[in-house]
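K.L.:
just coords:
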């Protein structure tokens, strides 16, 4: 089977067809799902989905874009839930920064402060992190190097920055999704072979980053098979062996 380690099934785009999406996934051999805690507004729905479906798990956290709205007391209501397997999606994202230097520095300060707090929280609770890194590799690496615990975590949608590979020694895994199938994914394709086999995870980031040949459509967990096929092309493993390998890795990291 395959575990989709990062899919936003709490997104409003799945409200009307969640049962069909899960059935499509099951028919494709995808049997477990982790919803990252990216948006506190939809966290309650993520929890409800995990209680309704045995196959769904969730994480609690705040995406760096929402760092200014970080409310740990709200997240604490759900972190002790038996289906909560991680802290995150948290991290740093410097893709959309303000225009003035003063505002940029303030934005980065807030993101770092909130990221550090979630890293330390994960360390305290002995839960893995789900980490978002976008145009911020150096700062993310420095903070994870300094603060992360032995539980490690996953670099969601791994951005192919080779400097981040050193985190494998700190028990960090690398989330591989639809980007690997894109025509412009040369950098990720080139670095793929350098990722340790025991640190590979499969994800979709659904409904985003839909793999080829479905780009432009709403992504869903059943498309993890396309990612596994591409991973197979780049390795000595068959698609089924990639699925088995990544599943064992996910079970080990998230305890499911």
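P.N.:
Here it is on my side, so go on. The structure displayed is predicted, hence computed values, not measured ones.

K.L.:
For residue 33, which three-state class applies?
P.N.:
The three-state label for residue 33, taken from DSSP: H, G, I helix; E, B strand; the rest coil, comes out as strand.

K.L.:
so how far is residue 54 from it?
P.N.:
Applying C-beta to C-beta, to the nearest Å, the value for residue 33 to residue 54 is 11 Å. Bear in mind the C-beta positions are built from the backbone N, C-alpha and C, glycine included.

K.L.:
What of residue 31?
P.N.:
Counting by C-beta to C-beta, the gap from residue 31 to residue 54 is 10 Å.

K.L.:
which one of those two has more residues nearby?
P.N.:
Taking other C-beta atoms under 10 Å, residue 31 and residue 54 do not tie; residue 31 has more neighbours (16 against 10).

K.L.:
If we ignore the residues flanking it in sequence, what's nearest the more buried one?
P.N.:
residue 1 (4.2 Å; C-beta to C-beta, 6 or more residues apart in numbering).

K.L.:
again, but for residue 151
P.N.:
residue 128 (4.8 Å).

K.L.:
Contact partners for that neighbour?
P.N.:
Applying C-beta atoms under 8 Å, 6 or more residues apart in numbering, we find residue 128 in contact with 85, 86, 87, 122, 151, 152, 153, 154, 253, 254.

K.L.:
Just the ones of those in strands?
P.N.:
The strands, defined by DSSP state E, take in 85, 86, 87, 153, 154 from those.

K.L.:
Check the burial of the first one by counting its neighbours.
P.N.:
Summarising burial for residue 85: neighbours were counted as other C-beta under 10 Å, giving 22.

K.L.:
pLDDT value on the residue nearest to it when sequence neighbours are not counted, please?
P.N.:
Nearest residue to residue 85, sequence neighbours excluded (C-beta to C-beta, 6+ apart): residue 254, at 4.3 Å. Residue 254 carries a pLDDT value of 98.

K.L.:
what separates residue 254 from residue 127, distance-wise?
P.N.:
9 Å.

K.L.:
what do you get for residue 156?
P.N.:
Residue 156 is 15 Å from residue 127, by C-beta to C-beta.

K.L.:
So which of these two has more stuff around it?
P.N.:
residue 156 (27 against 22).

K.L.:
List the beta-bridge partners for that one.
P.N.:
Beta-bridge pairing for residue 156 (DSSP bridges): residue 132.
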